[in-house]
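Asker: Next come a sequence and a model predicted from it.
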Amino acid sequence: MISAGPHRRGKAVAGIAAACLLLVSLGVRWPGVAMYDSVAQYRQVLDGAYSDWHPPIMARTWALLRYIHDGTAPFFLIQMVLWWGGLGAFAAALAARGRRMAAACILAIGASPLLLGWATVVLKDAQMAACLVAATGLLAHYRLRDASVPGWAWAAIAVLIAYAALVRGNAAFACAPLALAFVGWGGVRRPIGRAALVLGSILAILLVSPAINQRLLGAAADHADYSLPVYDLAGIGHRAGAPTLPGVPQADWRRAERAHCYTPFFWNPYGEPDQCGFVGDRLMSHAGGGLYRAWASMILVHPLAYAAHRLAHLNANLRLWTDPDERDALPPVNSEPNAFGLGANPGPAARMLVAAARWQAVSPIGWPVTWLGVALVLLWAGVRGNGGQVRLGRALALSAACTSASYAIVSIASDLRYHLWSILAAALALVLLVDAGALDPRRARIGGAVLLAVVIVGSAARLGLAAPVYTPLPTHGPPPPGARP
């Protein structure tokens, strides 16, 4: 019989290591880094005028935190406590079972420069990931030792997942499968039934979120949801060689095409007044049903152009066939310039963190497509056993896969930060399932070969075979008279 003493010591060591990593993270990036979105939300807090283009749940919470302290510091502290609290709970639970190597791997994942660099930015993506890892770590604290989860822990998990679901527009794709797996799928066992539950839950979150944002949180409707049909309409029109788009004068559309406004990297040019905003504004003037009817009609009339547009964007988003310098991969070193004193000037340690993140970003372990592949392989090969560790690993793999796969249809931009949770969740699932011996050897070998092929393809692209996906857009000046609605 193995003595419990070493396991208790291992649990204590894991907890102490997580606490030390928390203190180091706070010291390296204090008081947190503010990006453009962070500054925009803080401006809403100061003005008391909230909109739903950025998640109002974050702005409303920030307004409460101002009673404690101004600026990014309170949110940054909360993010790091949730991040390292969740990972520390994971590691301690594994160490308590004698799985010290797995525990060390969990902490190493949290300390990886690319993930930690993004987690230390006061931003909705980091908050979503921090909440979900804290919820998962809290559940792991009980499930990995086959203990019942007390009511207060379930309540905390529910609050964390609910906040995560509201703090990002597409968080439903991560939160719905994770929450359903946590509660045992309501007894549903067949894959088709579980898929129906996931899709129904995602749809419910997407339908309910606007009402919560606007009625409960008092945010004005800013119609961020219009950006997806605008981007898809522009992409379909570009790919199909359409003479124009619904409601857009032919002269304006030809002008936008001559200026190379369309890019598979992101929708942004159509939202910028000094670039191609004259097209975006025209499309958005068909508010509500008119815009969505035009969107559906263009997809039905030009399905191949729509598919080509979405696949090109998915490639940019997952970073498979791209050049090594694709934009928006690295966590920022400096905060966005602002008049509110948000963020701080980086020190040498912060610069070293981001420099290390650069090497990780250009390697296969920094490509979202690699981790989508890992998640899918784990779901296919992780069929052995059904203990708490295995079920938790499968839940994380499913959440990661659903999150990254959703960008095939709902994404409008290719920032790496959108994959913070999916990369983290897939990496945690890999540790849990490998440590538990849950992988079928034959399926694991086949999956490994497929992943190797993905790495070879991505590496070939970065050695010069792939043209840049991101191309800088020139400033086109103000729109012509009468172009705006």
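Answerer: Structure received. Numbers count the residues shown, from 1 in each chain.
Asker: who's in contact with Tyr292?
Answerer: Pro229 (C-beta atoms under 8 Å, 6 or more residues apart in numbering). For the C-beta atoms, the positions are set from N, CA and C on the backbone; glycine is no exception.
Asker: in what helix or strand does it lie?
Answerer: For Tyr292, the host element (DSSP states H and E) is helix 289-301.
Asker: Tell me which residues of that helix come out buried.
Answerer: 291, 294-295, 298-299 (16 or more other C-beta atoms under 10 Å).
Asker: Now for the residues you listed: which two are most distant?
Answerer: Farthest pair in the buried residues of helix 289-301 (C-beta to C-beta) is Leu291 and Ile299. Separation: 12.8 Å.
Asker: Just the pLDDT for the most centrally placed residue in the chain.
Answerer: Central residue of the chain (C-alpha atoms, centre = their mean): Tyr418, 3.1 Å from the mean position. At Tyr418, the pLDDT value in this model is 96.
Asker: ditto for Met284
Answerer: 85.
Asker: give the contact list for it.
Answerer: 223, 226, 230, 291.
Asker: cool, and Gly117?
Answerer: Applying C-beta under 8 Å, 6+ apart to Gly117 gives the contacts 330-331, 353-354, 357.
Asker: Show me what counts as buried in the longest helix belonging to the chain.
Answerer: Counting residues, the longest helix found in the chain (DSSP state H) is helix 4-29. Neighbour counts using 16+ other C-beta under 10 Å place 7, 10-11, 13-15, 17-18, 21-22, 25-26, 28-29 of helix 4-29 among the buried residues.
Asker: And this structure, split by domain according to the record?
Answerer: 4-220+336-465, 224-318 (automatic domain parsing).
Asker: quick revisit: put together a markdown table for the contacts of Gly117, with neighbour count and pLDDT on each row.
Answerer: Shown next, in a markdown table, are those (neighbours: other C-beta atoms under 10 Å; pLDDT from 0 to 100):
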| residue | neighbour count | pLDDT |
| --- | --- | --- |
| Leu330 | 20 | 94 |
| Pro331 | 27 | 95 |
| Leu353 | 22 | 96 |
| Val354 | 20 | 96 |
| Ala357 | 23 | 96 |
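Asker: out of those residues, who's nearest Val208?
Answerer: Pro331 (31.6 Å).
Asker: what bits of the stretch 51-200 of the chain have low per-residue confidence?
Answerer: In the predicted model, the stretch 51-200 of the chain carries no residue with pLDDT under 70.
Asker: can you give me the strands for it?
Answerer: Counting by DSSP state E, counting those that start in this stretch, the stretch 51-200 of the chain has no strands to list.
Asker: so where do the helices sit in it?
Answerer: Here the stretch 51-200 of the chain has its helices, by DSSP state H, counting those that start in this stretch, at 56-65, 73-96, 100-111, 113-119, 124-143, 151-167, 172-182, 191-211.
Asker: The closest residue to Pro332 other than its chain neighbours: neighbouring residues, count only.
Answerer: In space, and not counting its chain neighbours, Pro332 is closest to Val33: 5.6 Å by C-beta to C-beta, 6 or more residues apart in numbering. As a burial measure, Val33 scores 28 neighbours (other C-beta atoms under 10 Å).
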